[in-house]
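Trainee: no FASTA, just this:
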């Protein structure tokens, strides 16, 4: 079942977004015409996005085969934090409502992670964090400032310690799924009001990233769900693995499955049920 929160076309049809969306579409058309005719780019609308994904860092302490951002990880891209904070303040004045701190790096290993989350909450923004869970101490540090509409989601993708290490290849060799999950009751005890999720990317045999095989995990869906419940996560999110398309797009490609596609879907359906 697809939750209503994932119905993005319905979100774009909300009356409150109509003027915002029309301004953006008109600007994109004008931009395309200007570039085709060799004219200067027109100024963008005096509006900010309603929500943004923000990579605080490209550094990561995992080496996941299935990472959708592995071509930019641990590069030398840096931002000037003063400039970034100023830009966010300007966007808030122009309608920004939420910021998702997301991987393209692991946000919790950014040296100023906690301070930056406090900065966002001081601006009364809705805040979300997508993390690999390796720094539960950092998540605990920000827990008290998160509100009911905020959320944190941990990308775990496994039910056992063995598969977790095989899929994620943490730099800290001793890191286990048990160690990560043991932070959850502590975080929930500090602040039970925000949503804390367990993310599980479903991988089937034959899936790959840039010709590197990814480990199948269908058989651990039930184990992972039991783990999520026992440690006090608010939900588990199950979604298909994405592969790199011919033109660089991230696509779902069940035709790559080693076994018959219908059989793979049946196994996933049974596990989810």
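Mentor: Nice, thanks for sending it over. Just so it is clear, the structure is predicted and the values come from calculations on it, not from any experiment. Numbering: from 1, shown residues only.

Trainee: Residue 107: neighbour count?
Mentor: Neighbour count for residue 107, taken as other Cβ atoms under 10 Å: 26. Every residue, glycine included, has its C-beta placed from N, CA and C.

Trainee: Kindly state the beta-bridge partners for the closest residue to it other than its chain neighbours.
Mentor: Spatial nearest neighbour of residue 107, chain neighbours left out: residue 101 (4.3 Å); criterion: Cβ to Cβ, 6 or more residues apart in numbering. Beta-bridge partners for residue 101, by DSSP bridges, are residue 54, residue 129.

Trainee: Just to check, residue 101 is in contact with residue 126?
Mentor: No. Between residue 101 and residue 126 there is no contact under Cβ atoms under 8 Å: 11.7 Å.

Trainee: These two: who's more crowded?
Mentor: residue 101 (26 against 18).

Trainee: Report the separation between the more buried one and residue 160.
Mentor: Residue 101 is 28 Å from residue 160, where distance means Cβ to Cβ, to the nearest Å.

Trainee: where does residue 20 land in three-state SS?
Mentor: The assignment at residue 20 comes out as helix when based on DSSP: H, G, I helix; E, B strand; the rest coil.

Trainee: Leaving out the residues flanking it, which one is nearest to it?
Mentor: Here the residue nearest residue 20, using Cβ to Cβ, 6+ apart, is residue 47, at 5.9 Å.

Trainee: quick one: contacts for the one you found?
Mentor: By Cβ atoms under 8 Å, 6 or more residues apart in numbering, the contact list for residue 47 reads 20, 23, 24, 94, 95.

Trainee: Can you tell me which of those residues are buried?
Mentor: Among those, those classed as buried by neighbour count (16 or more other Cβ atoms under 10 Å) are residue 20.

Trainee: CSV for the contacts of residue 47, including secondary structure, pLDDT and distance to residue 178?
Mentor: Formatted as CSV, those follow (DSSP: H, G, I helix; E, B strand; the rest coil; pLDDT from 0 to 100; distance: Cβ to Cβ, whole Å):
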residue, secondary structure, pLDDT, distance to residue 178
20, helix, 82, 45
23, helix, 89, 50
24, helix, 87, 46
94, coil, 90, 45
95, coil, 88, 43
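
Trainee: what's the closest of the contacts of residue 47 to residue 66?
Mentor: Residue 66 has its nearest neighbour among the contacts of residue 47 in residue 24, at 32.1 Å by Cβ to Cβ.

Trainee: so how far is residue 138 from that closest one?
Mentor: To residue 138, residue 24 is 35 Å away according to Cβ to Cβ.

Trainee: how about residue 131, what does it touch?
Mentor: 103, 106, 107, 108, 139, 152, 153, 154, 155.

Trainee: can I get those in JSON lines with secondary structure, distance to residue 227 and pLDDT?
Mentor: As requested, the contacts of residue 131 are exported to JSON lines (DSSP: H, G, I helix; E, B strand; the rest coil; distance: Cβ to Cβ, whole Å; pLDDT from 0 to 100):
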{"residue": "103", "secondary structure": "coil", "distance to residue 227": "21", "pLDDT": "71"}
{"residue": "106", "secondary structure": "coil", "distance to residue 227": "21", "pLDDT": "92"}
{"residue": "107", "secondary structure": "helix", "distance to residue 227": "23", "pLDDT": "95"}
{"residue": "108", "secondary structure": "helix", "distance to residue 227": "21", "pLDDT": "96"}
{"residue": "139", "secondary structure": "helix", "distance to residue 227": "17", "pLDDT": "98"}
{"residue": "152", "secondary structure": "strand", "distance to residue 227": "17", "pLDDT": "98"}
{"residue": "153", "secondary structure": "strand", "distance to residue 227": "15", "pLDDT": "97"}
{"residue": "154", "secondary structure": "strand", "distance to residue 227": "11", "pLDDT": "97"}
{"residue": "155", "secondary structure": "strand", "distance to residue 227": "14", "pLDDT": "95"}
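
Trainee: which two from the residues you listed end up farthest apart in space?
Mentor: 103 and 139 (14.0 Å).

Trainee: So these two - more neighbours on which side?
Mentor: Taking other Cβ under 10 Å, residue 103 and residue 139 do not tie; residue 139 has more neighbours (27 against 23).

Trainee: got a list of what the residue nearest to residue 235 when sequence neighbours are not counted touches?
Mentor: Spatially, and ignoring its direct neighbours in sequence, residue 235 is nearest to residue 197 (5.0 Å; Cβ to Cβ, 6+ apart). Counting by Cβ under 8 Å, 6+ apart, residue 197 touches 151, 152, 153, 154, 233, 234, 235, 236, 237.
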